[in-house]
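Visitor: Provided below are the primary sequence and the corresponding predicted coordinates.
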Amino acid sequence: MRIRATVAAVSGALALSALAVPAAQADDGRSWTVDPGFTAGQSPSAGERAKRATAQATAAPKITSAVVNGGKPIVVGTKSKQTVSFTATATAQAGVGGVAAFIWIGQSIEEDSFGFGPNGQSIVCKAASATTTTCKGTITLNPQLLLNSDATWWRVGASAVTEDGEEFDRDSVSKVRVQRFSKLTVNASPEPVKKGKTLTVTGKLTRANWDTGTYKGYSGQSVKLQFKKKGAKSYTTVKTVKTSSTGTLKTTVKASADGNWRYSFAGTPSTPAVSAAGDFVDVK
């Protein structure tokens, strides 16, 4: 897919509507488009356009940066849409009317890709100089359109237009990781327990399954069992436990003092780190 920009004169200003024409489509049948719909600055005079045309002959318009979610992973669950911010910068001798970022995944943006474009009404632009403009806005990811295989690196691209209406884009400016939201539980029993007796600590590690729209157990993962003694400020690791085929956790320890028990998962490239809320156990 090649991002195309449609420019029309509206009340003396240039209105930019960046469209995906035609819509890009992944091999799995999903399609997507980009429609920022932001507004560029005032149209320059004929004389000014002539001067800028001369300058442009030696300096082509360029998108210099595009960052989504501050470069941090985007974590998506199963129900709620996830909206993240972007910042994009472009430069052109004619002046930049606007620039917007988008994210996509696939082998080729033109032949096999899927992605999410910017929310048009969210875009706000500020000129750093006569030739450079930075725009900020948001992108919304819909978990109902995601597949489990999408939990990987996505490319960040951007599309822009000069004040003269010249369109330019850059398919891959940076990258951002998309991850499957994770949950972790813990339960220590019996409560209370006598000092020196056996304490059984169970739990479960699950993560978003975008294929089914539910949370499923994350199997074969190393999870730390941690303890924070009453009055202490931090947790210490007692042992490492592996999740079962259904994501469950179970181990035993000797009760020695009052305090909180929890499980803590360090995360994987596809799934973020998560720690369970502490379960307080009173030791008699």
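Guide: Nice, I can see it.

Visitor: alpha carbons only for contacts and neighbour counts from here, please
Guide: OK.

Visitor: what packs against the helix or strand residue 100 falls within?
Guide: For residue 100, the host element (DSSP states H and E) is strand 96-108. Packing partners of strand 96-108 (3 or more C-alpha pairs under 8 Å, 6 or more residues apart in numbering; DSSP states H and E): strand 13-20, strand 39-42, strand 62-68, strand 82-91, strand 112-116, strand 124-127, strand 132-141, strand 153-162.

Visitor: for residue 233, which of those is the nearest?
Guide: Ranking the helices and strands packed on strand 96-108 by proximity to residue 233 (C-alpha to C-alpha) places strand 82-91 first, at 32.8 Å.

Visitor: what sits up against that closest one?
Guide: With contact meaning C-alpha atoms under 8 Å, 6 or more residues apart in numbering, strand 82-91 is reached by 61-70, 74-76, 96, 99-101, 131-143, 158, 160.

Visitor: could you tell me which of those residues count as buried?
Guide: Neighbour-count burial (16 or more other C-alpha atoms under 10 Å) applied to the contacts of strand 82-91 gives 61-63, 65-69, 74-76, 96, 99-101, 131-139, 141-143, 158, 160.

Visitor: re the thing from before, mind listing the strands the strand holding residue 100 pairs with, and their directions?
Guide: Pairing partners of strand 96-108, with direction, according to DSSP bridges: strand 112-116 (antiparallel), strand 153-162 (antiparallel).

Visitor: please identify which of the helices and strands packed on strand 96-108 is closest to residue 241.
Guide: Among the helices and strands packed on strand 96-108, strand 153-162 sits nearest to residue 241 (C-alpha to C-alpha), with 28.6 Å.

Visitor: ok, now which ones touch the nearest residue to residue 193 once chain neighbours are set aside?
Guide: Of all residues not flanking residue 193 in the chain, residue 283 sits nearest, at 5.1 Å (C-alpha to C-alpha, 6 or more residues apart in numbering). Residues in contact with residue 283 (C-alpha under 8 Å, 6+ apart) are 191, 192, 193, 194, 195, 255, 256, 257, 258.

Visitor: any idea how many residues pack against the fourth one?
Guide: This means residue 194. Number of residues near residue 194 (other C-alpha atoms under 10 Å) recorded here: 16.

Visitor: just residue 187 next, same as before
Guide: Close neighbours of residue 187, defined as other C-alpha under 10 Å, add up to 22.

Visitor: tell me how far it lies from residue 258.
Guide: When distance is defined by C-alpha to C-alpha, to the nearest Å, residue 187 is 15 Å away from residue 258.

Visitor: for residue 102, same thing?
Guide: According to C-alpha to C-alpha, residue 102 and residue 258 sit 51 Å apart.

Visitor: between those two, who's got more neighbours?
Guide: residue 102 (29 against 19).

Visitor: and the angle for the helix or strand encompassing residue 179 with strand 62-68?
Guide: Here residue 179 sits within strand 167-180, counting by DSSP H and E. Inter-element angle recorded for strand 167-180 and strand 62-68: 20 degrees (by axes from the mean of the first three to the mean of the last three C-alpha atoms, to 10 degrees).

Visitor: what's strand 167-180 packed up against?
Guide: Applying 3+ C-alpha pairs under 8 Å, 6+ apart, one finds that strand 167-180 contacts strand 3-10, strand 62-68, strand 74-76, strand 153-162, strand 198-209.

Visitor: tell me the centre residue of the protein?
Guide: The centroid of the chain falls nearest to residue 74 when counting by C-alpha atoms, centre = their mean (2.5 Å).

Visitor: done for today, thanks.
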